[in-house]
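J.: Make a model of this:
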Amino acid sequence: MKTKNILIYSGLLLGGLLFGYLLFGGGSSEPQSMEEHIAETHTNAEGNVVYTCSMHPQVREDEPGDCPICGMELIPANELGEDNASTQNPNAVKISQAAMALADIQTTEVRKEIPVQETRLPGKVVVNQNLVSNITAHFPGRVRELYVDFTGDYVRKGQRLASIYSPELITAQRELLETARFKEQNPRLYESARRKLMLWEFPEETIDQIERSGEVMQELDFFAPVSGYVSDISISREDHISEGMVMYRIADLSKVWIEFEAYETVIGRLSKGDEVAFQVSSLGGQTFKGEVNFIEPFLNADSRTVKVRVTTENPNTRMKPGMFAEGVISSGSNQTERMLIPRSAVMW
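T.: Numbers count the residues shown, from 1 in each chain. As a prediction, this is how the structure comes out:
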């Protein structure tokens, strides 16, 4: 019995020694340094957990909180899987894949080029004043009939606009008929009578008709000298008109102006020939291109702006005068090549 108890106690002692060896003596025989311990556990010398920012790893705090730079919540440094603080470059930024996805971080190459300044300007579509025609009366008279009587209507060159009674027209017709009888003897007088009616913008077909009929027409039709859209009508039926009076205004919209408003702070960087990329708000984000062909020489004292103009083609008259537009003007620079990065990449 005594021998049996000795064996039991001996077994327990050996088991305790083996357990102690495995628990305390089975690792590396070399003691771990404080720096290795900090690097492995991401704690400081006092054993406290170090907290850092996923966007700014140079931030190291002893307790949780918010990043003093961006305000993001600090997390334990070991969650970043980064290098230890002793080897971390203070100017380097290292973040986790999850933080990159959350921040939607994108990269681009740094390139060396001559800087090009881009200026955004608001604007609108306006009528090209070089393609506007005023249809005026060349003689006094009375309007008997209007064949085009509302604005916005499209007229073609040679289309009948109105019928006019005028004593001067009657006199001019009589002169034509009288000189036509003696055109063999006095051709210059005959040509002068015809030219008078032609200068009043009557077509040759109308003049030939007067000659063939040999009769004076009491009313003569007035025809459009150009094609375009009627933007203004200044006469009504039975109105009396005088020589030089504007009766119609017709605008050709095959080319239009885009007029931008440039504030005085950016005028110095703009010049004729600058490239412009612009969009018209009503045309679904389509981008058009042109170049600056006019910069107004006078500053508007109320708005502190000048008008910057672009002339552009307008197929199918898609751009309507009055539509809003927004343009980006690219201005060249006299500077030498420089290292360029996107403006959005500059954080402070």
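J.: where do the strands sit along the stretch 201-348 of the chain?
T.: 219-223, 228-233, 240-241, 246-251, 255-263, 275-280, 287-295, 305-313, 324-331, 338-340 (DSSP state E, counting those that start in this stretch).
J.: And the fourth one, what's buried?
T.: Burial within strand 246-251, assessed by neighbour count using 16 or more other C-beta atoms under 10 Å, is assigned to 247-251. From N, CA and C alone the C-beta is placed, and that goes for glycine too.
J.: how about the residues you listed, which pair is most distant?
T.: Farthest apart among the buried residues of strand 246-251 by C-beta to C-beta are 247 and 251. That separation is 14.8 Å.
J.: show me the contacts for residue 344.
T.: Taking C-beta atoms under 8 Å, 6 or more residues apart in numbering, we find residue 344 in contact with no residue.
J.: for stretch 293-307, the distance to its chain's centre please.
T.: The gap between where stretch 293-307 is centred and where its chain is centred comes out at 19 Å by C-alpha atoms, centre = their mean, to the nearest Å.
J.: Please, where are all the helices along the chain?
T.: All helices of the chain, identified by DSSP state H, fall at 2-24, 34-41, 97-103, 167-181, 187-199, 204-213.
J.: ranking those helices by mean pLDDT, which is last?
T.: For the helices of the chain, the weakest mean pLDDT is recorded on helix 34-41, namely a mean of 49.
J.: Tell me, please, where in the chain the pLDDT is lower than the cut-off.
T.: 1-48, 78-96, 98-99, 115, 332-335, 347-348 (pLDDT under 70).
J.: what's the domain layout of it?
T.: Residue ranges for each domain of the chain read 117-128+253-343, 132-251, as given by automatic domain parsing.
J.: Now render those domains as JSON lines, adding distance to residue 55.
T.: Formatted as JSON lines, those follow (distance: least, C-beta to C-beta, whole Å):
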{"stretch": "domain 117-128+253-343", "distance to residue 55": "18"}
{"stretch": "domain 132-251", "distance to residue 55": "57"}
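J.: quick one, which of the ones you listed is nearest to residue 67?
T.: With C-beta to C-beta as the measure, domain 117-128+253-343 is the member of the domains of the chain nearest residue 67 (23.5 Å).
J.: what's the distance between that closest one and the middle of its chain?
T.: How far domain 117-128+253-343 lies from its chain's middle: 8 Å, per C-alpha atoms, centre = their mean.
J.: how close does residue 121 get to residue 214?
T.: Distance of residue 121 to residue 214, computed by C-beta to C-beta, to the nearest Å: 64 Å.
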